[in-house]
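>>> the following block contains a protein sequence and its predicted model.
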Amino acid sequence: MTNDIYACVISQFKTDFGYKMIIPMDTTSFVGIEYQDEAHYLCSILNSIPVRDFIKSFSSAGRGFGTPSVMEHIGIPQFDPKNKLHQQLASLSKKCHQLKAESKEKDKEVFASDKIENQIEKLEKENDALVEKLFGID
């Protein structure tokens, strides 16, 4: 029950019983992607302000917000590992995921956590600019 979209890259999790696939539940959507760089590329695009605002413009808030059918309307270019812009987007997503993990570890250290959040905010602005470039938004 929301009015915004948040994407993340998930994979396997090591347990006492071996590696297990993480499966989202409830009102989440799952897009299976084979390669990590491509997953981060998609994540960076979906988390960008331009794409989130676009989704908000036609998807009603609530249980049906951001269902997988929104992907039909976005027109995301297929990931090309040789495309420098695609690689930059994937790299930014990886950095943000890493910093978010570090932020959770340092949650008790307010100063360190705030510093990490500032770094994430800077990377998110850079990501938004790259997504605008990807879609030719001026």
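Noted; the coordinates are in hand. Computed from a prediction, not measured in an experiment: that's the story for all the values here. Numbers count the residues shown, from 1 in each chain.
>>> only C-alpha atoms from now on, for both contacts and neighbour counts.
Noted.
>>> all strands of this structure, in order?
With DSSP state E, the ranges of strands along the chain come out as 12-15, 18-21.
>>> list the buried ones in the first one?
By 16 or more other CA atoms under 10 Å, strand 12-15 has no buried positions at all.
>>> ok, residues contacting that strand?
Defining contact as CA atoms under 8 Å, 6 or more residues apart in numbering, one finds that strand 12-15 is touched by 19-22.
>>> tell me the strands beside that strand, with direction?
strand 18-21 (antiparallel) (DSSP bridges).
>>> state the mean pLDDT of the partner strand.
For strand 18-21, mean pLDDT is 87.
>>> quick one: contacts of it?
So strand 18-21 is contacted by 11-14 (CA under 8 Å, 6+ apart).
>>> ok, those vs I120, which is closest?
Proximity of these to I120 was ranked by CA to CA; the top entry is S11 with 21.4 Å.
>>> got the phi/psi numbers for that closest one?
Main-chain torsions, S11, degrees, to the nearest 10: phi -150, psi -140.
>>> tell me if I'm right that it and I22 touch.
Yes: using CA atoms under 8 Å, S11 is in contact with I22, at 6.0 Å.
>>> so between these two, which is more surrounded?
Comparing S11 with I22 by other CA atoms under 10 Å, the one with more neighbours is S11, at 14 against 10.
>>> so what's the residue most central in space within the chain up against?
The residue lying closest to the centre of the chain (CA atoms, centre = their mean) is C43, at 3.0 Å. Neighbouring residues of C43 by CA under 8 Å, 6+ apart: 7-9, 90, 93.
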